[in-house]
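Chemist: Using only what follows, build the 3D model:
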Amino acid sequence: MTGEQRTQLLLRLLSKEEAAAQIAPRAGISKQTLYRWRDEFLRGGAAALAGRGSGDPQAEEPAKLHGQLAERDQVIGGMTIANRI
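Modeler: Reported below is the predicted structural model:
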């Protein structure tokens, strides 16, 4: 998916044209991914979604770590639900 496509999805989400529960499945992504993209978009704008960062590795590191934490949170959440069942 291109940065422009991601931007269009996020604009529909942010303008409340559609709910994340409708946008994500139609785009073939999870709601968590859509929300992660929203957070990146709000932090860095469309350039971050298109893969054009500031070029400063130190500036990109927090976003990378945030993404890794979000992925781990998903795994932990899934394991917690499985354990409760």
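
Chemist: Distance from the chain centre to the helix or strand hosting residue 23, please.
Modeler: Secondary structure from DSSP states H and E places residue 23 in helix 20-27. In terms of Cα atoms, centre = their mean, to the nearest Å, the centre of helix 20-27 is set 13 Å apart from its chain centre.

Chemist: and if you look at stretch 70-78?
Modeler: On Cα atoms, centre = their mean, the centre of stretch 70-78 falls 14 Å from that of its chain.

Chemist: buried stuff in that stretch?
Modeler: For stretch 70-78, burial by neighbour count (16 or more other Cβ atoms under 10 Å) applies to no residue. To be clear about C-beta, it is placed using only N, CA and C from the backbone, and glycine gets the same treatment.

Chemist: Over to stretch 21-37?
Modeler: For stretch 21-37, by 16+ other Cβ under 10 Å, it's 23-24, 27, 29, 33-34, 36-37.

Chemist: gap between the nearest residue to residue 27 once chain neighbours are set aside and residue 77?
Modeler: Spatially, and ignoring its direct neighbours in sequence, residue 27 is nearest to residue 9 (5.7 Å; Cβ to Cβ, 6 or more residues apart in numbering). Note on residue 9: its distance to residue 77, by Cβ to Cβ, to the nearest Å, is 23 Å.

Chemist: ok, back up a step: what mean pLDDT does the following helix or strand past the helix holding residue 23 have?
Modeler: Using DSSP H and E, the helix or strand that follows helix 20-27 in sequence is helix 31-44. Throughout helix 31-44, pLDDT has a mean value of 88.

Chemist: Centre of the chain to helix 31-44, how far?
Modeler: Chain-centre distance of helix 31-44: 3 Å, with Cα atoms, centre = their mean.

Chemist: which other helices and strands contact it?
Modeler: helix 3-14, helix 20-27, helix 46-49, helix 57-84 (3 or more Cβ pairs under 8 Å, 6 or more residues apart in numbering; DSSP states H and E).
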